[in-house]
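Peer 1: sequence unknown, structure follows:
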């Protein structure tokens, strides 16, 4: 049984309502700033424009499922380039390991979507119903018109935020202004309404009702983070050697520690835990307890930092009267350097690959029935299906050529054998794939393999090539 379950009377005990108290301080203002930035990015990004020319959409960030494209400002990802998305996921995972091993669950405390939306819903609840004491009084009081009105207003705002969240999500998958008009007019695709409905419901339930339960029971990261932390990881820590024994509100010099058992740290905690019980799985490292405790220490004329971001090494050093470990030693250690190195290698490889893309691709599949055809003059003919992919937002003229097969010529199904030559020239539309069936004629003897190459005539360096097999009859056939 976990510490949370024990405090609540068992696994199946009723969850007590948590009404976090408002607090001001550095970490609360930091959470405000991160909330504003992340929510602005989420809601505003689909409306940003990016000029890609007349043949491509001008939405800056767009997941175009219909045409199987992903646009991110100047970067365009095709389905066969999904490894870039995989690389971003690897970078995100390694980055999460790096952050956790350095500053604990900072991601969970400040930037996780569950944390951001839950924090927003808590502020709405506090705005409508009042701070912690007012909310407790409202909960315990009888139902009245005023209480019903407050509940309706609160849940109405929650639903509006949840609906805006679901609405913003669908704008990432289609042109935002056009889809907004269609959605409001009732002409959007059914999947758009279904998606908004599902995301509205999940946001409302997870951020409004379940809150910390999502982190405690649904998210696997609290159980994984233990392997990411060591004695040099910064975590929110209660310095018990300084705070104990607690005075319980009565200060007697020389008999008690700095903690006056005011419960301010518990009352501001969105998870409802007592950080004085030591590191706990439920702590998301939001550091609001630090702000609350620092305010109390200032009023008492005691040094700030009774609850603080600190490493286990720093705590042991401070308890023993030794100076803390330098910050750079805390950050620059083997574990964090390995994580950062891995993160940098993956990012550098992706950036290098993006910079060297030719934006032209060729795929070749040999026709199997028949493998070869003997012509009247003794030559052998092979047939191939080719796909030339133009990944530019403009039409491009390309030349398909034979390399490494002497005396070979080609033609396609749109031409004739009389017009056979060593190369073909044709135009591929913007962001399109040109599919053609081609025929290659070569001598009865010669190399078994050769190359088909395609080059854009507007850019000599934009080329692609494939090695293919030239089938011939076996001896005696």
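Peer 2: Happy to help now that I have it. All of these numbers come straight from a predicted model, not from anything done at the bench. Residues are numbered from 1 along each chain as shown.

Peer 1: can you give me the strands in the stretch 251-400 of the chain?
Peer 2: Along the stretch 251-400 of the chain, counting by DSSP state E, counting those that start in this stretch, strands occupy 307-310, 360-366, 373-374, 380-390, 396-403.

Peer 1: Could you single out the most deeply buried of these?
Peer 2: Neighbour counts (mean count of other CB atoms under 10 Å) averaged over each of these peak at strand 307-310, with a mean of 21. Where C-beta positions appear, they are placed from N, C-alpha and C, glycine not excepted.

Peer 1: Provide the strand pairings for that strand, with the direction of each partner.
Peer 2: Take DSSP bridges as the rule and strand 307-310 pairs in its sheet with strand 235-238 (antiparallel).

Peer 1: Contacts for the partner strand, please.
Peer 2: Contact with strand 235-238 is made by 104, 229, 265, 275-276, 278-279, 283, 285, 287, 289-290, 306-312, 315, as judged by CB atoms under 8 Å, 6 or more residues apart in numbering.

Peer 1: what does the next helix or strand after it contact?
Peer 2: Following strand 235-238 in sequence order, the next helix or strand is helix 240-243 (DSSP states H and E). Helix 240-243 has contacts (CB under 8 Å, 6+ apart) with 257-259, 276, 306, 318-319.

Peer 1: ok, now stretch 85-99?
Peer 2: Counting by CB under 8 Å, 6+ apart, 70, 77, 106-107, 221, 228, 336, 339-340, 342-343, 346-347, 349-350 sit against stretch 85-99.

Peer 1: which residues does the nearest residue to residue 315 once chain neighbours are set aside bridge with?
Peer 2: Of all residues not flanking residue 315 in the chain, residue 237 sits nearest, at 6.0 Å (CB to CB, 6 or more residues apart in numbering). Note on residue 237: beta-bridge partners by DSSP bridges are residue 308.

Peer 1: how many other residues sit next to residue 237?
Peer 2: Residue 237 has 21 neighbours, counted by other CB atoms under 10 Å.

Peer 1: In this structure residue 192 contacts residue 183, no?
Peer 2: Yes. When contacts are counted by CB atoms under 8 Å, residue 192 is listed as touching residue 183 (6.1 Å).

Peer 1: Find residues that contact each of those two.
Peer 2: Joint contacts of residue 192 and residue 183 (CB under 8 Å, 6+ apart) are residue 170.

Peer 1: Check the contacts of helix 240-243 and tell me the two furthest apart.
Peer 2: By the measure CB to CB, 276 and 318 form the most distant pair in the contacts of helix 240-243, at 16.5 Å.

Peer 1: between the two, who's got more neighbours?
Peer 2: residue 276 (20 against 17).

Peer 1: who's in contact with that one?
Peer 2: 238, 240, 243, 259, 265.

Peer 1: Next, residue 456: phi, psi?
Peer 2: Main-chain torsions, residue 456, degrees, to the nearest 10: phi -80, psi 130.

Peer 1: just checking, what's the longest helix in the protein?
Peer 2: Longest among the helix segments of the chain by residue count, using DSSP state H, is helix 145-170.

Peer 1: in that one, what's buried?
Peer 2: Neighbour counts over helix 145-170 (16 or more other CB atoms under 10 Å) mark 150, 154-155, 157-158, 161-170 as buried.

Peer 1: Ok, stretch 69-79 next?
Peer 2: Within stretch 69-79, the residues that count as buried by 16+ other CB under 10 Å are 69-71, 76-78.

Peer 1: Closest one to residue 50 out of the residues you listed, please.
Peer 2: residue 71 (7.6 Å).

Peer 1: pLDDT value on the closest one, please?
Peer 2: On pLDDT, residue 71 comes in at 91.

Peer 1: From residue 86, how far out is it?
Peer 2: Plainly put, residue 71 is 18 Å away from residue 86 if you go by CB to CB, to the nearest Å.

Peer 1: repeat for residue 368
Peer 2: 32 Å.

Peer 1: Okay, domains of this structure per the record?
Peer 2: 3-227, 234-321, 360-469 (automatic domain parsing).

Peer 1: Pick the most deeply packed of those.
Peer 2: domain 234-321 (a mean of 18).

Peer 1: And that one, how far out from the chain middle?
Peer 2: Mean-position distance between domain 234-321 and its chain equals 34 Å (CA atoms, centre = their mean, to the nearest Å).

Peer 1: With stretch 112-129 instead?
Peer 2: Using CA atoms, centre = their mean, the offset of stretch 112-129 from its chain centre is 21 Å.
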